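Novice: Pasting the sequence and the predicted coordinates here, then a few questions.
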Amino acid sequence: MPLSIVILAAGKGSRMKSRRPKVIHPLAGKPLLQHVIDTSRRLDPQQIVIVVGHEAEQVRETLAGQDCDFVVQREQLGTGHAVQQALASIAPGNDVLVLYGDVPLIREQTLLHLLAQAEEHGSTVCLLSFLADDPTGYGRILRDETGSVIAIVEEKDADDEIRRIRESNSGILMLRGNQAEELLSALDNDNAQGEYYLTDTVKHAVQRQWSVHAVICDDEEELLGVNNQKQLAGLESILRRRRADALMEQGVKLADPARIDIRGEIRVGMDVEINVGCILEGDIELGDGVRIGAHCCLKNVRIGAGTELLSHCVLEDCELGERNSIGPFARIRPQTRTAEQVKVGNFVEIKKSRIGKGSKVNHLAYIGDTEMGERVNIGAGAITCNYDGAYKHQTVIGDDVFVGSDVQLVAPVRVGEGATIGAGATITRDAPAGELTLSRAKQTTIKGWKRPSKKTGE
């Protein structure tokens, strides 16, 4: 049966104490709601419908380009009311899986198991439940002697015997397509809260003698929601641990699994080592034998085999070749690409440049908008002056060039193959290949000069 997924994301989230809607608060580098959408896509649904309400336009803007249908719940009248708003957008006859934009840790495997069990049992309603260590506050699942679900009893309506039941309702459920519209249309708000409860679909299904089944989720952490900043931080810790575990299962050596932040998708080779305090964000690829020192930050980076990052390096949207040595305290900015055996030392910044095989930029240098050949040596304090206040210009440095310390290469400029640039030079015209180019004032010594000093008593 084709599947429609409805994600409820209309709540205000007032306990977050933020002007930002709760479902777009970031978790591991992307909005809470994005995690749920990504998991939903892996189920291959025919459509994803997102029910928005508070700050709906802000949520839409954040999730722009997601190929999802958005439906507005103008009044927050309960979960059942929210799904009712989505009915007109749901393809007729589709099974309906209801998820929550503030429950981001639910796993694909868990939802696939729920759908499979619904199919196996021929369920009209199939719930995802869990055995709570402390069920206080949750609706309890009541079963008959055959194991079929006969009711969900909210805690405020439960007697002492029911309150002792550990099996609790997660809120996630599937409705069989042919009966979904009838069950949702039967919901009313005849209760103390004046709201339409999605869980009342169980009551109406039982009244019609339609099958209701509950699948127990083994991992309670998957079902944790977010209502405040403390809970969001707790989920961050759980997701961090999950991803660290996944890396170690792939053979990565983590100096301390509790001290790594993984906020993206990572592909790794063999014998990769990552020290403490590192942040890996976006799309990351680490080749065989890559070593990352303490407190490095990587975002959308590809690193070749055998390359080592020393501590406190920051890399973004760049690609490093094999057997590079980077850092410590180096910054590699977007659109930079290095070849093999490149050395980038401490307090070096490189931006939008290509660095050739075996070249070295060892310390205290800035290289921007540069095409650098092979076996180039850049001295301490050297910079490319690539910006004239309005436009960026390119510097081209040929193979085997030696650039002395404290040199300024004022772009646009070319340094020919094998050229040497003397220390302290300011190069504003092309430097010819194989020659020494200097730009220095004549050194003068003034004999007998005395340094000024204060008079006695001053």
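Specialist: Thanks, I have the structure now.
Novice: what are the ranges of the helices in this protein?
Specialist: With DSSP state H as the criterion, the chain has helices at 32-41, 56-62, 79-86, 108-121, 160-163, 177-185, 200-207, 229-249.
Novice: which of the ones you listed is buried the deepest?
Specialist: Burial of the helices of the chain is given as mean neighbour count (mean count of other Cβ atoms under 10 Å); helix 79-86 ranks first at a mean of 23. All C-beta spots, glycine's among them, are computed from the backbone N, C-alpha and C.
Novice: Need the contact partners of it.
Specialist: Residues outside helix 79-86 that contact it (Cβ atoms under 8 Å, 6 or more residues apart in numbering) are 6, 8, 10, 49, 51, 53, 71-73, 75-76, 96, 98, 171, 184-185, 187, 189, 195-201.
Novice: which of these count as buried?
Specialist: Using 16 or more other Cβ atoms under 10 Å as the burial test, the contacts of helix 79-86 include 6, 8, 10, 49, 51, 53, 71, 73, 96, 98, 171, 184, 187, 195-201 as buried.
Novice: Contacts only, for G101.
Specialist: G101 is in contact with 7-9, 22-23, 32-33, 36, 50, counting by Cβ under 8 Å, 6+ apart.
Novice: what about 10 Å?
Specialist: If a contact means Cβ atoms under 10 Å, 6 or more residues apart in numbering, then G101 has 7-11, 13, 21-24, 31-37, 50-52, 59, 63, 225-226 as its contacts.
Novice: Could you tell me how far it is located from A305?
Specialist: Distance of G101 to A305, given as Cβ to Cβ, to the nearest Å: 40 Å.
Novice: And for P328?
Specialist: 21 Å.
Novice: any idea of the mean pLDDT in stretch 226-243?
Specialist: Stretch 226-243 carries an average pLDDT of 94.
Novice: CA atoms only for it, dumped as CSV, please.
Specialist: Provided in CSV are the C-alpha atoms of stretch 226-243 (Å, rounded to 0.1, in the frame of the first residue of the first chain):
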residue,chain,number,x,y,z
VAL,A,226,12.2,18.1,22.9
ASN,A,227,10.3,20.7,25.0
ASN,A,228,13.1,22.8,26.5
GLN,A,229,16.8,23.5,26.0
LYS,A,230,17.9,21.0,28.6
GLN,A,231,16.1,18.2,26.7
LEU,A,232,17.6,19.4,23.4
ALA,A,233,21.1,19.2,25.0
GLY,A,234,20.3,15.7,26.2
LEU,A,235,19.4,14.6,22.7
GLU,A,236,22.6,16.2,21.4
SER,A,237,24.5,13.9,23.8
ILE,A,238,22.6,10.8,22.6
LEU,A,239,23.2,11.5,19.0
ARG,A,240,26.8,12.3,19.6
ARG,A,241,27.3,8.9,21.3
ARG,A,242,25.4,7.1,18.5
ARG,A,243,27.6,8.6,15.8
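Novice: Show me how far it is from its chain's centre.
Specialist: Stretch 226-243 has its C-alpha centroid displaced from the chain centroid by 13 Å (Cα atoms, centre = their mean, to the nearest Å).
Novice: same deal with stretch 7-20?
Specialist: 20 Å.
Novice: buried ones in it?
Specialist: 7-11, 13, 16.
Novice: Could you work out the end-to-end span of it for me?
Specialist: Stretch 7-20 has an end-to-end distance of 18 Å (Cα to Cα, to the nearest Å).
Novice: got any ranges where this protein has weak pLDDT?
Specialist: For the chain, the stretches flagged by pLDDT under 70 are 458.
Novice: care to break it down by domain?
Specialist: 3-223, 240-437 (automatic domain parsing).
Novice: quick one on the thing from earlier: which ones among the contacts of helix 79-86 map onto strands?
Specialist: The strands, defined by DSSP state E, take in 6, 8, 49, 51, 71-72, 96, 98, 171 from those.
Novice: With adjacent residues omitted, what lies nearest to E75?
Specialist: H81 (7.6 Å; Cβ to Cβ, 6 or more residues apart in numbering).
Novice: circling back to that earlier point, could the ones in strands among the contacts of helix 79-86 be laid out in TSV, adding distance to C318?
Specialist: Formatted as TSV, the ones in strands among the contacts of helix 79-86 follow (distance: Cβ to Cβ, whole Å):
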residue	distance to C318
V6	40
L8	40
V49	39
V51	40
V71	41
V72	41
V96	44
V98	42
G171	43
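Novice: Out of those residues, which two sit at the greatest distance?
Specialist: Using Cβ to Cβ, the ones in strands among the contacts of helix 79-86 span at most 20.8 Å, a distance reached by V72 and G171.
Novice: And for C278, the neighbour number?
Specialist: As a burial measure, C278 scores 22 neighbours (other Cβ atoms under 10 Å).
Novice: Distance of the nearest residue to it once chain neighbours are set aside relative to D219?
Specialist: Spatial nearest neighbour of C278, chain neighbours left out: C296 (5.0 Å); criterion: Cβ to Cβ, 6+ apart. C296 is 31 Å from D219, where distance means Cβ to Cβ.
Novice: Same drill for the two, tell me which one is more crowded.
Specialist: For C296 versus D219, neighbours defined as other Cβ under 10 Å are more numerous around C296 (24 against 13).
Novice: got a list of what that one touches?
Specialist: 274-275, 277-280, 309-315, 326-328, 330.
Novice: Only the buried members of the residues you listed: can you turn that into a PyMOL selection?
Specialist: In PyMOL syntax, the buried subset of the contacts of C296 is picked out as below (16+ other Cβ under 10 Å):
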select buried, resi 274+275+277+278+279+280+309+310+311+312+313+314+315+326+327+328+330
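Novice: for P257, what are its contacts?
Specialist: The contact partners of P257, by Cβ under 10 Å, 6+ apart, come to 240-241, 243-245, 247-248, 274, 276.
Novice: thought I303 was touching S325?
Specialist: No. Using Cβ atoms under 10 Å, I303 makes no contact with S325, being 11.9 Å away.
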